[in-house]
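In: Provided below are the primary sequence and the corresponding predicted coordinates.
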Amino acid sequence: MARLTIYNDNDTDCTAVSNLFIDEYMKDANDAQLKVYLYLLRMMNAQLPTSISDIADKFNHTEKDVLRAFKYWEKHQLLDLDYDDDKNLVGIHMHDIKSEAKHGQRKSGTASAFVPVPVATIASPSEPVSVSSGHPASSFNYGMNEINETVSFEKPAYSADRLRAFKEQQNTAQLLFIAESYIGKPLTPSEMKSILYFTDVLHFSDDMIDYLLQYCVDKGKKDFKYIEKVAVSWAEEGITTPKQAQQKACLYDKNVYTIMKELGKNSTPTTKEVGYISRWIREYGFENDIIIEACERTVMATDKNRFEYADRILKSWHEQHVHHKSDIAKIDEMYKQRRKGNTATTSRQAQNRFNQFSQNSYDFEALEKELISN
């Protein structure tokens, strides 16, 4: 009987997880750590693009939770975090799990996969990052500061009396009303306790809580567990004002890196550069297509002080009430017409000066006598 060839219609759509991981590592890992590790395996095996911010959004964690998970698995020797000379995270090596790994002894020649990680999560990269095997690529030079473990802010178990006293405070009614407006429904007692936690333990002002809720809702996150995680991460980083939070949020925004790239910048944005981008996005309210248009014009015009140049363009557009790219086209057309009119006027003035010169009559004989006598 002839041999049979077995065909498979589809590629295997699964991710292999080592039994050693299940037996020895799962029991001690928390929710975020497990999700992050398994997702890294999944993306590596499928060779699909990902980023730290994508992981955070997918599992309803903060970017800092993802980074802590990275540090946790590095400590347990299941992966290595690669840093550049400035201690910026530039890559992750996923290791095959061996029995020796738990004792710090890896088998020589162990296969590894490289997960390039740009500044994301704390900041998001400008483009999705492919998870693939190989060596660190020099193009991933966004940079990220090494994350250290920080003291967490424990949430007390508030009693009903404590919650009642909080609700009776003079400014609480307005604060709860703001929260309900963002969330789109009346707050539950548990959610009210979260608001109390923000004021009582994290010492957030009403304005800070307002911005916190706005920031999370704008990201499509209305779950108070997520909102609390963001609040704690801000508190741990010493963020106490909406302006600080706004600058930090802008730094983590993947749009920042898109804009940086459009201006020919591949480095981590400075505080001043973040301030410019924050103004364009938050204060001026411009969408990316308008900002990128200004960046393209800037790059064509100058090699120096590009942020300042782009800022002048965008400030002008803001003052002229630009909201869409079509508005820019109208402004350009008005400018061309105005320039055309100015050119015609200048031409007429030059012609008049010439005619005036030719029409003037001079007594050349008198001039000649004056020159001879001198």
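Out: Looks like it arrived, so ask away. Residues are numbered from 1 along each chain as shown.
In: Restricting to C-alpha, output the longest strand that the chain contains in PDB.
Out: Counting residues, the longest strand in the chain under DSSP state E turns out to be strand 89-95. The C-alpha trace of strand 89-95 is given here as PDB (Å, rounded to 0.1, in the frame of the first residue of the first chain):
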ATOM      1  CA  LEU A  89      15.500  49.400  27.600                       C
ATOM      2  CA  VAL A  90      16.000  48.300  23.900                       C
ATOM      3  CA  GLY A  91      15.000  44.700  23.800                       C
ATOM      4  CA  ILE A  92      13.800  41.500  25.500                       C
ATOM      5  CA  HIS A  93      15.200  38.000  25.000                       C
ATOM      6  CA  MET A  94      12.700  35.200  25.700                       C
ATOM      7  CA  HIS A  95      14.400  32.000  26.900                       C
END
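In: Does it pack against any helices or strands, and if so which?
Out: For strand 89-95, the packing partners by 3 or more CB pairs under 8 Å, 6 or more residues apart in numbering; DSSP states H and E come out as helix 31-46, strand 79-83, strand 112-116. Every residue, glycine included, has its C-beta placed from N, CA and C.
In: out of the ones you listed, nearest to Arg162?
Out: helix 31-46 (27.9 Å; CB to CB).
In: Next, the angle from that closest one to strand 79-83.
Out: Interaxial angle of helix 31-46 relative to strand 79-83 (axes from the mean of the first three to the mean of the last three CA atoms, to 10 degrees): 80 degrees.
In: what mean pLDDT does helix 31-46 have?
Out: Averaging pLDDT along helix 31-46 gives 85.
In: Buried residues in it, which are they?
Out: Within helix 31-46, the residues scored as buried using 16 or more other CB atoms under 10 Å are 32-37, 39-41, 43-44.
In: which residue packs closest to Pro189, ignoring adjacent ones?
Out: Excluding its sequence neighbours, the residue lying closest to Pro189 (CB to CB, 6 or more residues apart in numbering) is Leu163, at 6.4 Å.
In: Same question for Asp80.
Out: Per CB to CB, 6+ apart, closest to Asp80 is His93, 4.3 Å.
In: Just give the number of residues close to that neighbour.
Out: Neighbour count for His93, taken as other CB atoms under 10 Å: 18.
In: That one and Thr15: what is the separation?
Out: Distance, His93 to Thr15, using CB to CB, to the nearest Å: 18 Å.
In: same question, Ile281
Out: 37 Å.
In: higher neighbour count, those two?
Out: Using other CB under 10 Å, the more surrounded residue of Ile281 and Thr15 is Ile281, with 20 against 14.
In: before we move on, the earlier item: tell me the two of the buried residues of helix 31-46 that are most distant?
Out: Ala32 and Met44 (18.4 Å).
In: ok, back up a step: of all the buried residues of helix 31-46, which comes closest to Asp327?
Out: Nearest member of the buried residues of helix 31-46 to Asp327, counting by CB to CB, is Met43, at 40.4 Å.
In: Could you list the low-confidence segments of the stretch 151-300 of the chain?
Out: Residue ranges of the stretch 151-300 of the chain with pLDDT under 70: 151-152, 249-253.
In: Is it possible to get JSON lines of the buried residues of helix 31-46 that adds distance to Tyr25?
Out: As requested, these are arranged in JSON lines below (distance: CB to CB, whole Å):
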{"residue": "Ala32", "distance to Tyr25": "14"}
{"residue": "Gln33", "distance to Tyr25": "9"}
{"residue": "Leu34", "distance to Tyr25": "9"}
{"residue": "Lys35", "distance to Tyr25": "13"}
{"residue": "Val36", "distance to Tyr25": "13"}
{"residue": "Tyr37", "distance to Tyr25": "8"}
{"residue": "Tyr39", "distance to Tyr25": "15"}
{"residue": "Leu40", "distance to Tyr25": "13"}
{"residue": "Leu41", "distance to Tyr25": "12"}
{"residue": "Met43", "distance to Tyr25": "19"}
{"residue": "Met44", "distance to Tyr25": "17"}
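In: Closest one of the residues you listed to Trp317?
Out: Checking these one by one against Trp317 (CB to CB), the nearest turns out to be Met43, at 39.4 Å.
In: and the gap between that closest one and Ala69?
Out: 14 Å.
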